[in-house]
Every structure is written in structure tokens, then in C-alpha cells.
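In: this one's sequence-less:
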């Protein structure tokens, strides 16, 4: 074992601890499922990889030295009590004269997914100090619990954490995700971080915590021009946080993917229309988390058809299949991904869903995919109860109806006589 060149061992460790592209936001491996479901899968992959890494570094001193870089490539924090030991390890190695030997130098991904009900202010301060050891972070995911006595409306992530990110790894940051966090950065802190992150490609922070001076435009930091941002997650009713002072300026020239939530009440005003028209002309993929009554969906589709002239892929999350109404007219997309938040829908949901599919109009539509395995299974099991005419129409159509893995859901043999 000692005769094997270190380079070979490093390659073996790399293969053994690979996390399937989760260290690179440019990875072709992606999922159209809701982020909450995707994060569950990513978290499990990171945990499995971490378990393997810990076993490797405990084998012997040589393996410990060779595999240390892999152990610290991704950091997953789920309990606040682990912050102390992590900080001590990073501090212990910080004084080494060779920068590449510092443990935090290797870290490319940081996931702070705290499972405790709340954190103390001192623990957030410690997190800020931990972040200052990670000068090469590319991916940061934050899901933070409440501070004690934190105002239930403000829910502001401490400024010290955002400042540490901006000052330490702003130049290397490519993906920031705090879409699932209870505590959120205030708008001014977020704008400061965005200005310090010229290489940011993916931003998922649909809601900012309000600050006392937010109502006056005089005191608001302007939205920086994010020349490399390709994907953004927004909520239409909180669009104001991302509007630049110059209403005719496009600060997202590289934007190609838009994910947004529609929440009650309906929000089809001029500000949202102008934003989509100005910033989304080159968008090729839109993911719409639709939480309104189904009758409102056509307005959204018409807006996308009007403003997103390059759109080719559309993904829609429904509260249930009943919200997908008949006679919808799609923008000129070739791919439509669909998801219902009812995980085990009854048969009558699929009956309504299939009837809506039969009347769906899409001039360039080639593929319809059910994104979740449960939906594909439920539809297959419902075939005997589906209207024969609808099944005949779907199976004879030029549009492929696929399951979550890209396999055809319905064949000619599925027709009910």
C-alpha cells in the first residue's frame, strides 16, 4: 500500500467521495422538482459522502494527510453544537505558512441547514467567524432557525454572517440559496453581498427581511448589475427588492432561468410585467410555482409568451392536478414539466388532469413530463378509470407524455375499449 504513488491514492479518494456534481453549479446534473425535494436528496448525498470521507481519514496518518482536502471540500452543518469543534479545527490549521494546507482553502461548498428550533446570537457570531476561513467558497446554502426573541416579521439573518461571506468569498461565490431559511438577509445586506460577488451565477433569495428604512428609495442600495447571473428565484409580490432605480435598466443581462412563486392575492401589475419584459427576453427556462386558482394561470402563460421570446422549457408546480384547467394555451415551448403537491392524488384528480392535457395547446410542444415518481405511478394505476376518448387522444398524439425518468407513460395498448 505504501508503494502506491500519492497521486493514485488521491484519485481513488476523489472517486470514492464524489458527490455527483454538487460542488459545481455548472453541473449538467439537475432536477426540475421543487427545491425542497431536491435539497433533501442533496443533503443525503452530502451526508453519505461525509461518512465515507471520515472513514478514509481515520485509516492511517498517510491517508489522513492525503484525504484532508476531500474531507473539507464540502461542509454540512446541521446542529449548532458542531460549530465549536469545526471552528477549533480550522483555527488550529490556520497558522500554517503554506496556504494550500489550510483546511478552509479546500472548501467549495457550505450547507448550513440547522435543524434546531433556534440559535443564540453567539452561535451566529461563531458561524460568521467560521465562514472567514473559507476563501474559495462557490456554493452557499443557508437554512437558519429563529433567533431568541427575534421579531416574527423581521426575521433578519445577522449582518455579521452576510458580511463574512462578502468579505471572504465574494469573489468566488457562484451560488447563493436561502430560499428555505426562516431567517433571511435584509435587503441592504443582500445588495452588499451581491455587489461583492461578480461571479454569482445562481441566486435563490426570493424574500428579504425588511429594514426600517426600506420605504424610502433614498436610503436603499441600488441593485448591482449582475453580469454573470444566469438563474434567479423570485416571488412576484416581493419584486420591489430587485428593481433598480433606473426602471428601464436591465441589471440581469445574462439571465437564462427564472423561477418564481405566485401567491395570493394575484399580482399582475405593470412592475412585474415590465420586469419580465426587460430582464427575461433571453430566458430559456421558466419554473412557475403556481399557488393561485387555476383560472389565473392563462394570464401568466400569456405574459411569458409575450415577453420571453427565447423560452423553450416551462415547468409548473400545481397545488393539485385539479388546478390545471382545460384549454390552456402554452408559450411556444418544446418541453413542459408538471408537478402536483398532492403526493398521492385520487383517481378523479388524474381524470381531470388527463382531460386538461387533451385540450392543451402548444405550437412547438414535443414533451410533457411528470416530474415525480408518485405522479407517474398514480397515472398508470388510474388508466382503467380514465375516459377512453382521452386515452386514445393522448396515445395517438405526437407529444410524448413521459414519467420522471423520461420513459413513455402511455402506450397504444393502454387504450380502453
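Out: Cool, got the structure. Keep in mind the model is a prediction, meaning the values are calculated, not measured.
In: just for the chain, where's the confidence low?
Out: Along the chain, segments meeting pLDDT under 70 span 1-2, 26-29, 95-101, 117, 148-154, 211-218, 263-269, 412-417.
In: Find the helix or strand that residue 401 is a member of.
Out: Residue 401 belongs to strand 400-402 when assigned by DSSP states H and E.
In: So which bits of that strand are buried?
Out: Of all the residues in strand 400-402, those buried under the rule 16 or more other Cβ atoms under 10 Å are 400-402. (Each C-beta comes from the backbone N, C-alpha and C, glycine too.)
In: Serialize those to JSON lines and add fields for distance to residue 69.
Out: Shown next, in JSON lines, are these (distance: Cβ to Cβ, whole Å):
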{"residue": "400", "distance to residue 69": "44"}
{"residue": "401", "distance to residue 69": "46"}
{"residue": "402", "distance to residue 69": "40"}
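In: Among those, which one sits closest to residue 184?
Out: The nearest member of the buried residues of strand 400-402 to residue 184, counting by Cβ to Cβ, is residue 402 at 36.2 Å.
In: And the strands in the chain, which stretches?
Out: 74-77, 109-113, 139-143, 175-177, 202-204, 231-235, 257-262, 285-290, 313-318, 335-340, 367-370, 400-402 (DSSP state E).
In: okay if I get those as CSV plus distance to residue 302?
Out: Listed next are those as CSV, based on distance: least, Cβ to Cβ, whole Å:
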stretch, distance to residue 302
strand 74-77, 42
strand 109-113, 38
strand 139-143, 34
strand 175-177, 30
strand 202-204, 26
strand 231-235, 19
strand 257-262, 14
strand 285-290, 13
strand 313-318, 13
strand 335-340, 16
strand 367-370, 20
strand 400-402, 24
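In: Figure out which of the ones you listed is closest to residue 384.
Out: That would be strand 400-402 among the strands of the chain, by Cβ to Cβ, at 17.0 Å.
In: Run the chain-centre distance for that closest one.
Out: 25 Å (Cα atoms, centre = their mean, to the nearest Å).
In: Please apply the same query to stretch 399-411.
Out: That offset, for stretch 399-411, works out to 25 Å (Cα atoms, centre = their mean).
In: can you list contacts of it?
Out: 357, 362, 365-373, 375-376, 379-380, 383, 391, 394-395 (Cβ atoms under 8 Å, 6 or more residues apart in numbering).
In: cool, and stretch 335-346?
Out: Contacts for stretch 335-346 (Cβ under 8 Å, 6+ apart): 32-34, 312-321, 324, 330, 349, 353, 362, 365-372, 374-375, 378.
In: same thing but 7 Å
Out: 32-34, 312-321, 330, 349, 365, 367-372, 374-375, 378 (Cβ atoms under 7 Å, 6 or more residues apart in numbering).
In: Narrow those residues to those that are buried.
Out: Applying 16+ other Cβ under 10 Å to the contacts of stretch 335-346 flags 32-34, 313-318, 321, 330, 349, 365, 368-372, 375, 378 as buried.
In: Closest one of the buried residues of strand 400-402 to residue 182?
Out: Checking those one by one against residue 182 (Cβ to Cβ), the nearest turns out to be residue 402, at 36.1 Å.
In: Could you give the bridge partners of the closest one?
Out: Taking DSSP bridges as the rule, residue 402 bridges to residue 369, residue 408.
In: Check the gap between it and residue 369 for me.
Out: Distance, residue 402 to residue 369, by Cβ to Cβ, to the nearest Å: 4 Å.
In: cool, and residue 183?
Out: 35 Å.
In: And the helices in the stretch 151-300 of the chain?
Out: With DSSP state H, counting those that start in this stretch, the ranges of helices along the stretch 151-300 of the chain come out as 159-169, 187-195, 270-279, 297-307.
In: contacts for the third one?
Out: Same thing as helix 270-279. Around helix 270-279, the neighbours that count as contacts under Cβ under 7 Å, 6+ apart are 236, 239, 243, 247, 250, 252, 255, 303, 307.
In: show me the contacts for the third one.
Out: Under the criterion of Cβ under 7 Å, 6+ apart, the contact list for residue 243 reads 223, 271, 275.
In: Please convert the buried members of those into ChimeraX selection syntax.
Out: To isolate the buried subset of these in ChimeraX, counting by 16+ other Cβ under 10 Å, use the following:
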select :223,275
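In: In a markdown table: the contacts of residue 243, plus distance to residue 67.
Out: Shown next, in a markdown table, are the contacts of residue 243 (distance: Cβ to Cβ, whole Å):
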| residue | distance to residue 67 |
| --- | --- |
| 223 | 42 |
| 271 | 52 |
| 275 | 47 |
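In: Between the helices of the stretch 151-300 of the chain, which one is closest to residue 44.
Out: Nearest of the helices of the stretch 151-300 of the chain to residue 44, taken as Cβ to Cβ: helix 159-169 at 25.2 Å.
In: And that closest one, what does it pack against?
Out: helix 121-131, helix 187-195 (3 or more Cβ pairs under 7 Å, 6 or more residues apart in numbering; DSSP states H and E).
In: tell me the most buried of these?
Out: Stretch with highest mean neighbour count among these: helix 187-195 (a mean of 22; mean count of other Cβ atoms under 10 Å).
In: now that one, how far from the centre of its chain.
Out: 19 Å.
In: tell me what it is packed against?
Out: For helix 187-195, the packing partners by 3+ Cβ pairs under 7 Å, 6+ apart come out as helix 159-169.
In: Could I get the buried residue list for the helix it packs on?
Out: 160-166, 168-169.
In: Among those, which one sits closest to residue 94?
Out: residue 168 (12.6 Å).
In: So what's the residue count around residue 112?
Out: 21 (other Cβ atoms under 10 Å).
In: Wait, it touches residue 145, no?
Out: No. The criterion here is Cβ atoms under 7 Å, and residue 112 misses it with residue 145 at 10.5 Å.
In: Can you check which residues contact both of the two?
Out: Counting by Cβ under 7 Å, 6+ apart, nothing touches both residue 112 and residue 145.
In: on that earlier part again, buried subset of the contacts of helix 270-279?
Out: Applying 16+ other Cβ under 10 Å to the contacts of helix 270-279 flags 236, 239, 243, 250, 252, 255, 303, 307 as buried.
In: now those residues in TSV, with distance to residue 74?
Out: Shown next, in TSV, are these (distance: Cβ to Cβ, whole Å):
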residue	distance to residue 74
236	33
239	33
243	35
250	34
252	28
255	27
303	39
307	38
